[in-house]
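**Student:** when you get a sec, could you give me coordinates for this:
(chains A, B, C and D, ligands or ions: 12)
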Amino acid sequence: MTEKKTPLLDELEKGKWPSFVTEIKRAAVKSAASAELLQVLERSYEERRGHWKHGGIVGVRGYGGGVIGRYVDEPETYPNIAEFHTVRINQPSGFFYNTKTLRTICDLWEKHGSGLTNMHGSTGDIILLGCKTEHIQPIFDDYSEAGFDLGGSGSCLRTTNCCVGPGRCEYACYDTLEACYNITNEFMDELHRPMWPYKSKIKFSGCANDCTGAIARSDISVIGTWRDTIRIDQDAVKEYAANKFPIQSQVCDKCPTGCLTYNNETQELAVIAEDCTRCHHCINLMPKAIQAGKEKGATILVGGKSTIVQSAFMSSVVIPFMKMDVEDDFEEFKDTVRRIWEWWDENGKTRERIGETIFRLGMGKFLREAEIPIVPQQVFRPRANPYVFWAQEDLDKSGTALDGTAL
Amino acid sequence: MTEKKTPLLDELEKGKWPSFVTEIKRAAVKSAASAELLQVLERSYEERRGHWKHGGIVGVRGYGGGVIGRYVDEPETYPNIAEFHTVRINQPSGFFYNTKTLRTICDLWEKHGSGLTNMHGSTGDIILLGCKTEHIQPIFDDYSEAGFDLGGSGSCLRTTNCCVGPGRCEYACYDTLEACYNITNEFMDELHRPMWPYKSKIKFSGCANDCTGAIARSDISVIGTWRDTIRIDQDAVKEYAANKFPIQSQVCDKCPTGCLTYNNETQELAVIAEDCTRCHHCINLMPKAIQAGKEKGATILVGGKSTIVQSAFMSSVVIPFMKMDVEDDFEEFKDTVRRIWEWWDENGKTRERIGETIFRLGMGKFLREAEIPIVPQQVFRPRANPYVFWAQEDLDKSGTALDGTAL
Amino acid sequence: MAAKLDQGPPNYKEMLPPIILDNYGKWKYHEIPRSGVLKHVSESGAALFSVRVATPRLVSIDFIRDVCALADEFCDGFLRWTTRNNIEFLLSDEAKVNPLIETLVAKGFAVGGTGAAISNIIHTQGWVHCHTPATDASGVVKAVMDDLYEYFESMKLPAKLKMGLACCLNMCGSTHCSDIGIVGVHRTPPRIDHDKIRKGTEIPSLVASCPTGAIRPDPKNKSVVVNEEKCMYCGNCYTMSPAMEIYDARNDGIAILIGGKVSNARSAPSFSRMVIPFLPNNAPRWPEVTEAIRAILELWIANADKGERLGEWVERIGWERFFALSGLPFSDMLIDDYIFARETFRTGAAFKY
Amino acid sequence: MAAKLDQGPPNYKEMLPPIILDNYGKWKYHEIPRSGVLKHVSESGAALFSVRVATPRLVSIDFIRDVCALADEFCDGFLRWTTRNNIEFLLSDEAKVNPLIETLVAKGFAVGGTGAAISNIIHTQGWVHCHTPATDASGVVKAVMDDLYEYFESMKLPAKLKMGLACCLNMCGSTHCSDIGIVGVHRTPPRIDHDKIRKGTEIPSLVASCPTGAIRPDPKNKSVVVNEEKCMYCGNCYTMSPAMEIYDARNDGIAILIGGKVSNARSAPSFSRMVIPFLPNNAPRWPEVTEAIRAILELWIANADKGERLGEWVERIGWERFFALSGLPFSDMLIDDYIFARETFRTGAAFKY
Ligand code: SRM
Ligand code: SRM
Ligand code: SRM
Ligand code: SRM
Ligand code: SF4
Ligand code: SF4
Ligand code: SF4
Ligand code: SF4
Ligand code: SF4
Ligand code: SF4
Ligand code: SF4
Ligand code: SF4
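**Tutor:** Ligands and ions are numbered 1, 2, ... in the order given. This next block holds a predicted model:
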């Protein structure tokens, strides 16, 4: 292959931010496919359009997903990327790696594909970017042998994802890394064999900061919280005060419920326990002095997704507080999620995310039928309209007037 | 007629609040219809159900509305209320009366009907409650002669309504009484001859306190406001301070934008003009010290209505500020309203209030087509979804790629 | 004589007392010297006194005549009604204010409703005149206002309390943006009278009238069918056609919505929200309704900041907290499932218990 | 050898450095000693240092190997990626932190992204690999981050700034709840290839895929028709069928949405809102986009309170004020007209100019 010019892309090697163009060029040294990718991309930059076609169904034996089929639109011009599929490899919890594992990933990818990756895909997978159809099964075989498995694609449970959690964060209210690992293993069938109306995602965040963006990006969002009261270390408060940290203006004045008060004289903080919404703001600002309560667990929210079809939805609370215990093998969570999926599977239309199904059929119906207790925490506020679907079984169905005559 | 017992209704003559039962009884003394109303109402109290049937079309010559037809469901038992229609008489602006006028109303009603009224109906009319079909035209003739006209019913402009305004309120930012009178007279045809998809209501409130409930209850809500800055009389502020009025806690701390600050030492108030939303709170609390700016007019909001069909809507801003000048004969308002109605008339479905039509077809389309300038004040916030109906005429419609080849 | 068409309402100017004509648009400020009395002072120094008196709204002509007699005696024949069905006697002579009030009280009139009070309840026809009511209007209002009378004649609430009552979901009483809204609700589906439908109902309009699309045409039968799963008993079909009878005494009753407002002061206008889905129609005095409202009111009084409307208070503490404090049961009936439901779901992990 | 099915991801425990294994779940607090470095202190007193380094996300295996070499040298071979595509080198030895950073800087790595900074932009495939993009992903990110680099390597913003980019409305980049979202938009309707439809498209699914119901089946033609009045160019039909080609270089481009967030701190999670409907696809460096974003950013820096996220600031001052301050034109394109539009209309008479 003769070296072709990429003047437009070259512009994107300038500047301080690391350049993906440089990366493609590095891969192009070893991979003819990557070299052609560079060419087709330069053309996209000239023409301001993409050059990829819809994927046909490509995959591996025994699974229904994990690979995104992709074909260039001019296979004659670009024979090396005529097929240029991506393989989704399920990442380890919290994106933790040792270099040995990483090198294995690289070596296998050098053997089979373009040498280009996304670390990581937006859902969380290790994305192996670009390979031929014939390589897919061997790729899977080799990675499998090295201890990896494929991630999700299609109408299945997608690759789960979690924040760094107890691995490195003092805020984690449950073990996000273990939850993600354990629960993913529980739902292998759901992950690898699409069977639902559409995709379903789970993201695990250890606290209300939601560092996985679960509430916006997952159908089932598991956000760590506590049931009791924040704990305040008054000595540490005094230290913050001594360091002239603006406790009143930055912490108390911005507490959304005004339940946290600072006594300038005693240099102590006080909280009105029942007014605290556990928003995590004060803890974020004074991690040395304030910590979560002792009774830890997670809030389970359901329905998050992006734009298509009914516009973007955020997840909303279905279970305000659930224990997320390694000891119990996360049983309560697993049971609940099974009921939720079952309901969606029975009621959802094709390509309808669970949030949309709930919206279409009613939150009340969903909660009732999925056997989830109904509590005011599930809504910001009650209904404004009086259009209640009264449970007819609770009513007098005699069909008579007060004097007993038929209506 | 023999005196019948009304034991249930009698219970509603007890207690300190004035009793409607007493009123029906008073009317029953002179009117056989009212006496029968008492009987049928007692029965409703026993049976816990109404006894009125749908109205057929009843009315007066030359008009399409103004009368609500009503029939009792057992005309044989209650012959005097077999027909028991209500007549809607358009009230004077601000519900102001002299006793001469009121007595005329009473005398004519004694002559023709039940002697029962609602002062006033929920839309604003004087409601003459209960008469026979044959009396309707004579009632209208007589009231007309006495200087009255019918109000609206059916798919027309409904009887307009306004707050007491400059008649007695220091807050009025435009002349609600005159606007209501003048504009009602302008739209006589629209009021008396139903011609639209559904009803349309206008309510005039002189300021943001909205004492007519316009924003909730009228398709077109005219709410007085000003364009410049509140005016503060610092001497009067000092008087409030001298009287120990809690300026800081009650006024400043509750200013929604925090733009009003009180200097405890100088005992002066200061406002950051561009941050004030003209919510009227501070004026309400300190009417002697704070008043509206000088450049007065109204905000025009559109779309308010109650529950049926698409649930309740509140009006929303279409024109942030419009002069409402008697001198100009309210021309700008009248023109605007005509364009708004015209758009609705062309686009609305049967029994679709304008708020629902706007929601169905899009606020942007409505504003464009009704030739109303588009400004950010019309929304609390911009769209969250990217589903934009791009104006195709603004685009390159060559249908070619960048190199000129056809797409 | 034939009626004059389109002459419009009488000119309000003829109804204004001289003091208003003289000071029109020149009012400077007001005071509330005592409950039920407004004193408006003009730039000219003139003072107008308004004495506010409750009415049951449904009044006889004799009532109006009584009122006229008082207005003649104390007000030179001038008075007005408020947008909330109260009467305001308009006095230019301060000396007559107390005598008027004494006379009113002696005659059993209720003076009050100003300032931080409960004023009259905006309401509707109910069993007195309408064909779709799920409850009575005037009777419920009477029962509630008897119970809360002390808050009408005093000004000791945290803020104004505006109530509305509507006897069916048409909500003529504008309960949808009230501090407390009382709404008559049906709870069973309409009973179709196929003969009546064949006789005079425009089937497409009837079908279109249903907010949830529960009504389908049944061409074979020249009538319609109702999908009872989809029906939420709004009664709109009955408004369209008498063939869709929906009243049902054993199941009709009242729902309570709270927290709405329309003024722009401090917070934006807001809808009322359902907190009690159903209370029985215990005519003639609706004890369950009066008790429920009193309980909500007292909770507000005990907990709100000064100047805080009912809804502003609930929004500040959070609805979940309101349910905890009030002890009112929360159920799926209170969770919205209509077209704008999504915006009521709690899309966040911060809340109280 | 045949693959093992359903063995699941590698066990994270094998990937954890000893200091994490020892202090798992026992972290007490953290500090940010300097931009790009997190110091987490355990109850045991042990301290873990994380050095955060930007990546272009689209990386070659050689890049990963380079990074591994550094991790071996400084971190005993342990590192992680963040949820925002940065690398974090995990050091248990404080003495190695500065040497690592020096080495990184020398090799041209970008250290930063912690605290009140802009971190990496979550983004997607764009012209590199997807079939529906309206713009490129990596290129725009590169252009924007080059421009805003100073805010990555310092911590001088009012608060964290989270950006997302999605090359089409599928929004794989999760731009819908970002402080600043960059979204590729098509603006012309799909071009139907009837032959392709006949060959392999499931017409009912295609029809159902359209959010606005713009696609109707055309049984006579065994294809579909698009009502162009109703089409808002989302491209969802193209995702369903390759017969609905929608790219159009002269009209495709970028929309900017701002003010979203997902954390629950202080305020509830919120959607981003569109403030610039369209900017041209001026590849390779999208100057209009980088300028527009910088202008918004600088406005926020100049006006926000300390600790106030972009959306929190705009909500506090009001969106109408934001438009006034920014000078961005407001047009009907920014007014919602989709199914939840109603809740965005200003149902109140209080606002700024
Ligand atoms: C690779 C990835 C983008 C990236 O560069 O990182 C991606 C790429 C595609 N996404 Fe996505 N999505 C990716 C994460 C997301 C996310 C983010 C997330 O998971 O947190 C979202 C938003 C959250 C959500 O699930 O709603 C997302 C929302 C979509 C949607 C819209 C779904 C919706 O209900 O709104 C589609 C459309 C569809 O499913 O037909 C879609 C479809 C697609 C397809 C398969 C396009 C298609 O219809 O064929 C893209 C394949 C591109 C390619 O050729 O490589 N992708 N997609 C991400 C997956 C990598 C991984 O496995 O780690
Ligand atoms: C008399 C009055 C109630 C009262 O006791 O005061 C009234 C009574 C009726 N209203 Fe109303 N509405 C009355 C003010 C209202 C209001 C309040 C307002 O105007 O401020 C509303 C809420 C605001 C609004 O317009 O949305 C109102 C919303 C309705 C609706 C629902 C409209 C909607 O779009 O949601 C209906 C149903 C309909 O039009 O079919 C309705 C229908 C009716 C009908 C005509 C029932 C019917 O379908 O035949 C009632 C006739 C009762 C009777 O026999 O006397 N009425 N109606 C009010 C008119 C008196 C007057 O002219 O002054
Ligand atoms: C007489 C009346 C206007 C009329 O044309 O009839 C009126 C008169 C006044 N209103 Fe009103 N309002 C009247 C109905 C309303 C309504 C509509 C309603 O009641 O349905 C509202 C909106 C209700 C809502 O927000 O839900 C209303 C919201 C206000 C407010 C805002 C209160 C708030 O903080 O939210 C004020 C300001 C205040 O009280 O300081 C106000 C203030 C006033 C003032 C003080 C204005 C003035 O300076 O003259 C008047 C005496 C108030 C008092 O009674 O304490 N008026 N006022 C109405 C009396 C009804 C009654 O008989 O009780
Ligand atoms: C490493 C990472 C988790 C992971 O598993 O990878 C992480 C780590 C931390 N986050 Fe985060 N957050 C991470 C993504 C997020 C996300 C998701 C995202 O970026 O898409 C969010 C939600 C974004 C949103 O709200 O839109 C997020 C919202 C927060 C917040 C809340 C900020 C706020 O006030 O709204 C905090 C609290 C704080 O900063 O004090 C926080 C705090 C933290 C702390 C201080 C937690 C701790 O004590 O260790 C960590 C260092 C933060 C820093 O960089 O200044 N983290 N954090 C992610 C780093 C991404 C990156 O490379 O930049
Ligand atoms: S979500 Fe909470 S526990 Fe998880 S990394 Fe972020 S701050 Fe830590
Ligand atoms: S967690 Fe949030 S609500 Fe609770 S005290 Fe802290 S800042 Fe206030
Ligand atoms: S709306 Fe304003 S001007 Fe009209 S009566 Fe009420 S307070 Fe006065
Ligand atoms: S009108 Fe409202 S926003 Fe303006 S200064 Fe007064 S209280 Fe503040
Ligand atoms: S609310 Fe319903 S029942 Fe009551 S008057 Fe209005 S339409 Fe009739
Ligand atoms: S009562 Fe309402 S929901 Fe039920 S069928 Fe009639 S219109 Fe439809
Ligand atoms: S946002 Fe659209 S174009 Fe970009 S990767 Fe996702 S599906 Fe493809
Ligand atoms: S681009 Fe979107 S709106 Fe247009 S036809 Fe296709 S699916 Fe429908």
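**Student:** for D:N227, see how far away the closest residue in space to A:A384 that isn't next to it in sequence is.
**Tutor:** For A:A384, ignoring the flanking residues on the chain, the nearest one in space by C-beta to C-beta, 6 or more residues apart in numbering or on different chains is C:F271 at 3.7 Å. C-beta: built from backbone N, CA, C; applies to glycine. For C:F271, the distance to D:N227 (C-beta to C-beta, to the nearest Å) stands at 34 Å.
**Student:** looking at these two, which is more packed in?
**Tutor:** Of the pair C:F271 and D:N227, C:F271 is the one with more neighbours under other C-beta atoms under 10 Å in any protein chain shown, namely 24 against 13.
**Student:** the residue in the stretch 201-350 of chain A that ligand 7 sits nearest to in helix, strand or coil?
**Tutor:** As assessed by C-beta to the nearest ligand atom, ligand 7 sits closest to A:G258 within the stretch 201-350 of chain A, at 30.3 Å. When states are read from DSSP: H, G, I helix; E, B strand; the rest coil, the local structure at A:G258 comes out as coil.
**Student:** and it, what does it touch?
**Tutor:** For A:G258, the contact set (C-beta atoms under 8 Å, 6 or more residues apart in numbering or on different chains) comprises A:252, A:275.
**Student:** low-confidence regions, chain C specifically.
**Tutor:** In the predicted model of chain C, residues C:1 satisfy pLDDT under 70.
**Student:** closest residue of it to chain B?
**Tutor:** Using C-beta to the nearest C-beta, the point where chain C gets nearest to chain B is C:D146, with a distance of 3.1 Å.
**Student:** Three-state assignment for the closest residue to that residue other than its chain neighbours, please.
**Tutor:** In space, not counting the residues next to it along the chain, C:D146 is nearest to B:G15; the distance is 3.1 Å by C-beta to C-beta, 6+ apart. Under the three-state scheme (three-state DSSP), the conformation of B:G15 reads as coil.
**Student:** and the strands in the stretch 101-250 of chain A?
**Tutor:** With DSSP state E, counting those that start in this stretch, the ranges of strands along the stretch 101-250 of chain A come out as A:116-119, A:126-131, A:161-162, A:202-205, A:220-226, A:231-232.
**Student:** could the ones you listed go into CSV alongside mean neighbour count, distance to B:G364 and mean pLDDT?
**Tutor:** As requested, the strands of the stretch 101-250 of chain A are exported to CSV (neighbours: other C-beta atoms under 10 Å in any protein chain shown; distance: least, C-beta to C-beta, whole Å; pLDDT from 0 to 100):
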stretch, mean neighbour count, distance to B:G364, mean pLDDT
strand A:116-119, 27, 38, 98
strand A:126-131, 27, 39, 98
strand A:161-162, 32, 37, 98
strand A:202-205, 30, 35, 98
strand A:220-226, 29, 33, 98
strand A:231-232, 16, 51, 98
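**Student:** quick one: furthest residue from the center of chain C?
**Tutor:** Using C-alpha atoms, centre = their mean, the residue of chain C lying farthest from its centre is C:K220. It sits 43.8 Å away.
**Student:** SS state for that residue?
**Tutor:** Look at C:K220: counting by three-state DSSP, its state is helix.
**Student:** where does the stretch 101-250 of chain C get nearest to ligand 12, which residue?
**Tutor:** Nearest to ligand 12, among the residues of the stretch 101-250 of chain C, is C:G213, at 22.5 Å (C-beta to the nearest ligand atom).
**Student:** so what's the residue count around C:D305?
**Tutor:** Under the neighbour criterion other C-beta under 10 Å, C:D305 is assigned a count of 14.
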